[in-house]
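Colleague: only geometry, no sequence info:
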């Protein structure tokens, strides 16, 4: 396809639904191990670090460490789920299994597939984040039940944001090995800089500035206060940053996928 | 009725021309074969026809719809059997068909009604709940064909449908394609197997270096481009024999230790061969492979 047409705006229609349902049907067959996997890793961090490290710390962010960590863990879990889904599973479907090629032979556009993948990954990450929220509710790690319900839409937005970012990486990737760059150069530093495990204010000023441009920082700023029963300060700004990352990444991913697959 | 027409199709990648002016016309109910060596531009042509790639130039119309502009509407009435197997490995046979039907926007009732017929067509009625990994290569191909039929298409594209299949599976596949032609479907086929093309296709075009270099019925191509009889002579002595007796052939080709001697009457050549000691040879009518090799050459193309 001619270069210019790769840059046309995304086509957003309900035709993405069959793609979403295809992925859902696969997930349903493996739902139990999948949900356990979603839960196990962040729970180990939450309780291991929360109680282990938390017993050495007095007050973090105005409460016990495990309450502080809970908000970070929701964001971390959502990020992880979105990233793994769009990178490894998405790449399998696109490149290894050629599922996308098969779909493109039907009356579907690449835009439908990419939107379906985005919506699916966001839904799956929502489930991951929500699973942690359930644990938090069960163990009373939140400070305000009605307010913590607002974490759910926040998690959906966070899932969309990191799913869209993951799709960019998938669109660029020649093989599975390429994902290592994204994890070591982007995901891991971001997790350590974004206030998941400790307040951003503990960082040297330079790193605080860096953290301010990372989407995960804004995700944490949104979720953590809601669990603590406070309205997030500058909520609109945090939402705006996440929406911005999501929109730009989604568009960039789509252009890259078009360039890659509609040659 | 004209089902497909392409005129002056051109496409290049990074300045390298891949398709350089392809014209195709396919009428309803016929089986059309596109032959060509590797890299001739078959896949690119196919992608342009399906609207998956925008050509640099040329007009394509399928089932009366302009492509790529109305490619999605055209694809709603097309079935595709791709060269590379892309069945969903996470699903059973039945799920593969059901999930694929959703991409065509078919409602559950239509799918349920079509499913038994499709499973029967693929010879997989007894394996409806089997996982894809447990199927043989032939079964997978038949399922891919059945999947291409979920939307009851008017036109089928088959990209090398029997590559990698054993002879039994190929024959079953051919039988399936015959049944579809008898039902009035139109088939567009690419293949490397000349016997397949000769057996199935009403009309063929040979594509080489992005251009169509010959078109016609298999019989007409053989008649038009090649002498009717061939004597193949094998073995170490073949070449030496050819140097001495080459004048008996109207045209002679050499490939390794084999000589192909093309003639209108093979008596003189056969007499000479019978007289020589220990010559191994085979005389046969010329076929499509001879035409193909004559037109596209014997050198490797990969």
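Modeller: Arrived safely. Given the structure is predicted, the values throughout are model-derived calculations rather than measurements.
Colleague: dump the residue contacts of the nearest residue to residue B:234 once chain neighbours are set aside.
Modeller: For residue B:234, ignoring the flanking residues on the chain, the nearest one in space by C-beta to C-beta, 6 or more residues apart in numbering or on different chains is residue B:280 at 4.5 Å. In this view, the C-beta of every residue, glycine as well, is placed from N, C-alpha and C. By C-beta atoms under 8 Å, 6 or more residues apart in numbering or on different chains, the contact set of residue B:280 is B:233-235.
Colleague: look up phi and psi at residue B:280.
Modeller: Note on residue B:280: its backbone torsions stand at phi -100, psi 130 [degrees, to the nearest 10].
Colleague: how close does it get to chain A?
Modeller: Distance of residue B:280 to chain A, given as C-beta to the nearest C-beta, to the nearest Å: 45 Å.
Colleague: do the same with residue B:58
Modeller: 13 Å.
Colleague: what strand or helix carries that residue?
Modeller: strand B:57-62 (DSSP states H and E).
Colleague: mind listing the strands that strand pairs with, and their directions?
Modeller: Here strand B:57-62 is paired, per DSSP bridges, with strand B:2-13 (antiparallel), strand B:65-67 (antiparallel).
Colleague: give the buried residues for that strand.
Modeller: By neighbour count on 16 or more other C-beta atoms under 10 Å in any protein chain shown, the buried set for strand B:57-62 is B:58, B:60-62.
Colleague: likewise for stretch B:154-173?
Modeller: B:154-163, B:165, B:169-170, B:172-173.
Colleague: list the contacts of that stretch.
Modeller: B:3-4, B:26, B:28, B:42-43, B:46, B:49-50, B:62-63, B:77-83, B:123, B:136-138, B:141-142, B:145, B:148-149, B:174, B:177, B:180, B:185-193, B:196.
Colleague: so residue B:163 sits in a strand?
Modeller: No. Under DSSP: H, G, I helix; E, B strand; the rest coil, residue B:163 falls outside any strand and is assigned coil.
Colleague: distance check, it against residue B:82.
Modeller: 11 Å (C-beta to C-beta, to the nearest Å).
Colleague: and chain A, which of its residues are near chain B?
Modeller: Residues of chain A found near chain B (C-beta under 8 Å from any C-beta of the partner chain) are A:1-2, A:5, A:15, A:18-19, A:21-22, A:25-26, A:29, A:97-99, A:101-109, A:262-263.
Colleague: let's see it at 7 Å
Modeller: With C-beta under 7 Å from any C-beta of the partner chain as the criterion, chain A comes near chain B at residues A:1-2, A:5, A:18, A:21-22, A:25-26, A:29, A:97-99, A:101-109, A:262-263.
Colleague: which ChimeraX command selects the buried ones in those residues?
Modeller: ChimeraX command restricting the residues of chain A next to chain B to the buried ones, with burial defined by 16+ other C-beta under 10 Å:
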select /A:1,18,22,25,26,97,98,99,101,102,103,104,105,106,107,108,109,262
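Colleague: from the residues of chain A next to chain B, which land in helices?
Modeller: Mapping those onto helices (DSSP state H) picks out A:5, A:18, A:21-22, A:25-26, A:29, A:99, A:101-104.
Colleague: among these, which one lies nearest to residue A:190?
Modeller: The closest of these to residue A:190 turns out to be residue A:26 (C-beta to C-beta; 28.6 Å).
Colleague: quick one, grab the pLDDT at the closest one.
Modeller: Model confidence at residue A:26, given as pLDDT, is 96.
Colleague: quick check, residue A:113 in a strand?
Modeller: No. Using three-state DSSP, the secondary structure at residue A:113 is helix, not a strand.
Colleague: what separation do you get for residue A:40 and residue A:131?
Modeller: Distance, residue A:40 to residue A:131, using C-beta to C-beta: 10 Å.
Colleague: quick one: which of these two has more around it?
Modeller: Shown here are residue A:40 and residue A:131; by other C-beta atoms under 10 Å in any protein chain shown, residue A:131 has more neighbours (19 against 11).
Colleague: circling back: name the nearest of the ones in helices among the residues of chain A next to chain B relative to residue B:116.
Modeller: Among these, residue A:25 lies closest to residue B:116 (C-beta to C-beta), at 20.8 Å.
Colleague: list the residues that contact the closest one.
Modeller: By C-beta atoms under 7 Å, 6 or more residues apart in numbering or on different chains, the residues touching residue A:25 are B:95, B:99.
Colleague: 8 Å - rerun?
Modeller: Shown in contact with residue A:25 (C-beta under 8 Å, 6+ apart): B:91, B:95, B:99.
Colleague: for it, give its distance to residue B:108.
Modeller: To residue B:108, residue A:25 is 14 Å away according to C-beta to C-beta.
Colleague: ok, which stretches of the stretch 201-302 of chain B are strands?
Modeller: B:203-208, B:211-216, B:229-234, B:251-255, B:258-263, B:280-285 (DSSP state E, counting those that start in this stretch).
Colleague: mind putting the ones you listed in a markdown table, mean pLDDT included?
Modeller: Output for the strands of the stretch 201-302 of chain B, formatted as a markdown table (pLDDT from 0 to 100):
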| stretch | mean pLDDT |
| --- | --- |
| strand B:203-208 | 96 |
| strand B:211-216 | 96 |
| strand B:229-234 | 95 |
| strand B:251-255 | 91 |
| strand B:258-263 | 94 |
| strand B:280-285 | 94 |
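Colleague: what is the burial count for the closest residue to residue A:62 other than its chain neighbours?
Modeller: Closest residue to residue A:62 apart from its sequence neighbours, by C-beta to C-beta, 6+ apart: residue A:228 at 7.3 Å. The number of residues packed near residue A:228 is 20, by other C-beta under 10 Å.
Colleague: please apply the same query to residue B:183.
Modeller: When neighbours are defined as other C-beta under 10 Å, residue B:183 has 10 of them.
Colleague: please report phi then psi for it.
Modeller: For residue B:183, the backbone dihedrals (degrees, to the nearest 10) come out as phi -80, psi -10.
Colleague: so it versus chain A, what's the distance?
Modeller: Shown here: residue B:183 relative to chain A, a distance of 21 Å by C-beta to the nearest C-beta.
Colleague: up against chain A, what does the stretch 101-250 of chain B have?
Modeller: B:102-105, B:147-148, B:151.
Colleague: just the buried ones from these?
Modeller: Buried among these by 16+ other C-beta under 10 Å: B:102-105, B:147-148, B:151.
Colleague: residue B:211: which of these is nearest?
Modeller: For these, with residue B:211 as the reference and C-beta to C-beta as the criterion, the closest is residue B:148, at 28.4 Å.
Colleague: where does chain A dip in pLDDT?
Modeller: When residues are selected by pLDDT under 70, those of chain A lie in A:1-4.
Colleague: that older thread, out of the contacts of residue B:280, give me the one that has the most neighbours.
Modeller: residue B:233 (26 neighbours).
Colleague: which residues does that one bridge with?
Modeller: Bridge pairing for residue B:233 - DSSP bridges - gives residue B:259, residue B:281.
Colleague: not counting sequence-adjacent ones, nearest residue to residue 119?
Modeller: Here I'm looking at chain A. Leaving aside its chain neighbours, residue A:119 sits nearest to residue A:20 (5.2 Å; criterion: C-beta to C-beta, 6+ apart).
Colleague: not quite, I wanted chain B
Modeller: Counting by C-beta to C-beta, 6+ apart, residue B:119 lies nearest to residue B:125, which is 4.4 Å off, once chain neighbours are set aside.
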